[in-house]
Every structure is written in C-alpha cells, then in structure tokens.
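Trainee: sequence unknown, structure follows:
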C-alpha cells in the first residue's frame, strides 16, 4: 500500500478512457503486443482465449479480463463474441492525450516510457489476476456497460458521463485489492493545485516551506514528491513560471522593466535581469527589442 499511497500523492486516480467500443465480432484475433495503458474487456457473449505473460486463460460469458500495462499478450475470440472493452489510464498523467492503444506487433515500448501507466500489481505489491473474480465482475458489469454506452455517443457531455461511470468501475477494482484505499489518497497530498496556486501568488514571496505547509507535508517530503512529479525542484519550477510570465509581459505590454519585475515576483530589477538572462540567454530589454524573433 505504501507504493500506491506515494503514487496517488502525485498522480491521483483519474480514469481516462482512450478508446471504448461495444465490439460485436465473428471469430477474431489480436496478435502479440504490449500496452501503455490498461485494457478492460467484458465478455458478454461467446468464448475467448487470452494469453497474457505466458498464461492461457479461457473467458466465457460474464467474465472480465484486466490486462495491465506492459503485459505481453495475444487475444482471440474463438466464436462470435460481444466484448465491450475500454483502453484507459487509471492514474493521472499530464501527457495522457499523447498516449494511444498499441497495435499488433508493438512490443518494445521504451520510446513511450513517459506515457506508460504504472502496473497496479506493482503499486499494490500483490498479484492481480487477469481473469477477475466473479463477485468483482458482477459489481463492475453495470457501471462498465454504462460507460461504454455513454462513450458510444462521442459527444463531450456523454464522454464525461462515461468517465464518471468508469470511476465507479475503478473504485470497485481498487477497493477489492487495496485495503484502506480511502486512506491511501489524502487530498492534501495531491500536487495538482501547484500550478494554479503559484500562478495566483506569482507576484508574492513564496518559499518551499509555504508550499509544503499548503500540502500538509514536511519540506523534505514535499521536495521529494515535487521532484518526482515535475522532474525539477520547486524553486526551479517557480522561477520558470516567473520568467515565462515576464516574457508574456515583455511581448504584450508597455510596462516598465521595474513593473514587470514586480508583477513577476522578483525582488528587484537586478535579480530579475540576472534570472531572466540565465533562463533565456538575453536581457529583458534585448528580449523586448527583438520582438517577433522571440
């Protein structure tokens, strides 16, 4: 549970349906591949044979399959089947719109490591079967089919309904395998508020201690989680935001350099000029005069 708790602190549970369909097919097969996301398949009618990480599993009507990211697998419908399915992320990734359902033969996904979802069994440090227990399948069936139905409309309001229904599916899944899930995701420890918080207070003095206090974490713990989530220190992130804001003001306003330094949260014009040149390679005055060349 500790790994899941730490992951949720920076990557909240946020189901994101990437592809969803109510598949009605004659005998079919999907050749070998690995996934970046999760694949959830409900066998409503017919019989399927799935081979996942070397394990052969037969699925009949009423069965649910959960194929986790990076599992090597082949899928086969042995008869005419009805198999509603969803490719989805379980956890928030800011680059999620760049991810995709992999195609046949895609086995080496190293080039897309930044898009890959973590495996649930690794986060929970316990095995999660591909063939989900019948009791869990019964709980998940109705909200899952509702999500697939909503998604089929392909309109934004219906897609939002689909995402909400899928959240119910994911909560059933996690509650079944993660004892004390409610304790694993304290709202104060999520860091998605950082960007809006810093933007709102950009022209004010902000310390790492202020951010850690806002997150209800120690400074050292906050630094660790922040660097894991944003791949830089809080100070570097805040400085980047201040310089980017200064760039916008230099391009789009007639404010003086002193005013821009103040609006962007720099203590004085000297500190502003030094930090700006370090980040952009040009002084604020030169950046403004270059105009369209920025």
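Mentor: Right, received. Where do you want to start? Computed from a predicted structure; not experimentally measured.

Trainee: make it CA atoms for all contacts and neighbour counts henceforth
Mentor: Will do.

Trainee: Compute the number of surrounding residues for residue 281.
Mentor: 12 (other Cα atoms under 10 Å).

Trainee: which residue ranges form the strands in this protein?
Mentor: With DSSP state E as the definition, the chain shows strands at residue ranges 13-25, 28-33, 38-43, 48-52, 55-59, 63-67, 73-77, 81-91.

Trainee: The third one packs against which elements?
Mentor: Under the contact definition 3 or more Cα pairs under 8 Å, 6 or more residues apart in numbering; DSSP states H and E, strand 38-43 sits against strand 63-67, strand 81-91.

Trainee: Now that strand: average pLDDT?
Mentor: Regarding strand 38-43, the rounded mean pLDDT is 97.

Trainee: ok and that strand relative to strand 73-77, angle-wise?
Mentor: For strand 38-43 against strand 73-77, the angle by axes from the mean of the first three to the mean of the last three Cα atoms, to 10 degrees is 20 degrees.

Trainee: what are the pairing partners of strand 38-43, and which direction each?
Mentor: strand 63-67 (antiparallel), strand 81-91 (antiparallel) (DSSP bridges).

Trainee: ok, now the longest one?
Mentor: For strand 13-25, sheet partners with direction are given as strand 81-91 (antiparallel), following DSSP bridges.

Trainee: Buried residues of the partner strand, list them for me.
Mentor: 81-91 (16 or more other Cα atoms under 10 Å).

Trainee: Equivalent analysis for stretch 254-269, please.
Mentor: Taking 16+ other Cα under 10 Å as the criterion, stretch 254-269 shows 257, 259-266, 269 as buried.

Trainee: And the contacts of that stretch?
Mentor: With contact meaning Cα atoms under 8 Å, 6 or more residues apart in numbering, stretch 254-269 is reached by 202-205, 242-243, 245-246, 249-250, 272, 284-285.

Trainee: and it, how far apart are its ends?
Mentor: Taking Cα to Cα, to the nearest Å, stretch 254-269 runs 16 Å from one end to the other.

Trainee: Same check on stretch 177-197?
Mentor: According to Cα to Cα, stretch 177-197 extends 34 Å from its N-terminal end residue to its C-terminal end residue.

Trainee: Including mean pLDDT, could the strands paired with strand 38-43 go into TSV?
Mentor: TSV is the format used below for those (pLDDT from 0 to 100):
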stretch	mean pLDDT
strand 63-67	97
strand 81-91	95
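
Trainee: May I see these organised as JSON lines, with distance to residue 40 added?
Mentor: What follows is these, written out as JSON lines (distance: least, Cα to Cα, whole Å):
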{"stretch": "strand 63-67", "distance to residue 40": "5"}
{"stretch": "strand 81-91", "distance to residue 40": "5"}
